[in-house]
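S.K.: Structure of the sequence below:
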Amino acid sequence: MSDIYKSISARGEGLYKESGSRFIAFAIPVETEDEVRELVSGFRKEYHDARHHCYAYRIGAAGAVWRSSDDGEPSGTAGRPILGQIDSAGLSDILIVVVRYFGGVKLGVPGLIKAYKSASADAIANAPACEKIAGSWYRVGFGYDAMPQVMKIVKDMDLPQRARDFAAECSMELRVRDSLKEDFLERTSTICNFVDLI
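M.R.: Have a look, this model is predicted:
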């Protein structure tokens, strides 16, 4: 299996209007379910006057972590069509939230499915696509004297970094592609105080 998969690199927005109802869709790159919860909660607050906040997401290289929500719409008319658009585009590490403002006219099941599907497809079309490499974030801790060896590993393996803290006890978070995991763990085992999967 290839360790490269498709995602989006930045937010995209979409819109669908039908019989006075407005369906505003947002496609957002995500990597964790915590991010999803925070974002969905944020949309509920920001668009507190909207009738529904339906969503779907898929996370991970294989897209194994997923969920969809109809948020009060008839079962299967919102979350599933949104997820269907994510799957049709072959994407992962993506959340789509569709905010619905009710226009006073009921659209019926086929109308709702079309609306959520169309708004989601528009948001995906307006989000920049990217390729991602399957991997995981690790938090590593090491003494200041081990800094040169750790930085050599980071450079040799071309590891993205974040949350760097170089005090007396140093730590940082590194993203390791799945195909390099064994080599990374072997090389850091003797020089790091801890190597934790995040």
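S.K.: Low-confidence ranges, the protein, go.
M.R.: Confidence mapping of the chain against pLDDT under 70 gives the ranges 1-2.
S.K.: Okay, domains of it per the record?
M.R.: 4-131, 135-197 (automatic domain parsing).
S.K.: for the spatially most central residue of the chain, what are its contacts?
M.R.: The C-alpha lying nearest the average C-alpha coordinate of the chain belongs to Val30 (C-alpha atoms, centre = their mean; 1.8 Å). Shown in contact with Val30 (C-beta atoms under 8 Å, 6 or more residues apart in numbering): Val36, Leu39, Tyr57, Ile59, Asp93, Ile94, Leu95. Bear in mind the C-beta positions are built from the backbone N, C-alpha and C, glycine included.
S.K.: now do 6 Å
M.R.: Shown in contact with Val30 (C-beta atoms under 6 Å, 6 or more residues apart in numbering): Val36, Leu95.
S.K.: do Val40 as well
M.R.: By C-beta under 6 Å, 6+ apart, the neighbours of Val40 are Tyr55.
S.K.: Check Arg58 too.
M.R.: Counting by C-beta under 6 Å, 6+ apart, Arg58 has contacts Trp66, Ile86, Ser92.
S.K.: tell me which element the second one is part of?
M.R.: If I follow you right, that is Ile86. Following DSSP states H and E, one finds Ile86 within helix 79-88.
S.K.: Ile96: how many residues sit nearby?
M.R.: 30 (other C-beta atoms under 10 Å).
S.K.: same check, this time on Cys192
M.R.: Other residues near Cys192 come to 22 when the count uses other C-beta under 10 Å.
S.K.: I'd like to know how far it sits from Phe142.
M.R.: The gap separating Cys192 from Phe142 is 5 Å, by C-beta to C-beta, to the nearest Å.
S.K.: between the two, what contacts are shared?
M.R.: In contact with both Cys192 and Phe142: no residue, using C-beta under 6 Å, 6+ apart.
S.K.: So the residue lying farthest from the centre of the chain, which state does it fall into?
M.R.: Computed with C-alpha atoms, centre = their mean, the residue of the chain farthest from its C-alpha average is Asp145, at 36.3 Å. Secondary structure, DSSP: H, G, I helix; E, B strand; the rest coil: Asp145 is helix.
S.K.: and it, how far is that from Cys192?
M.R.: In this view, Asp145 and Cys192 are 12 Å apart by C-beta to C-beta.
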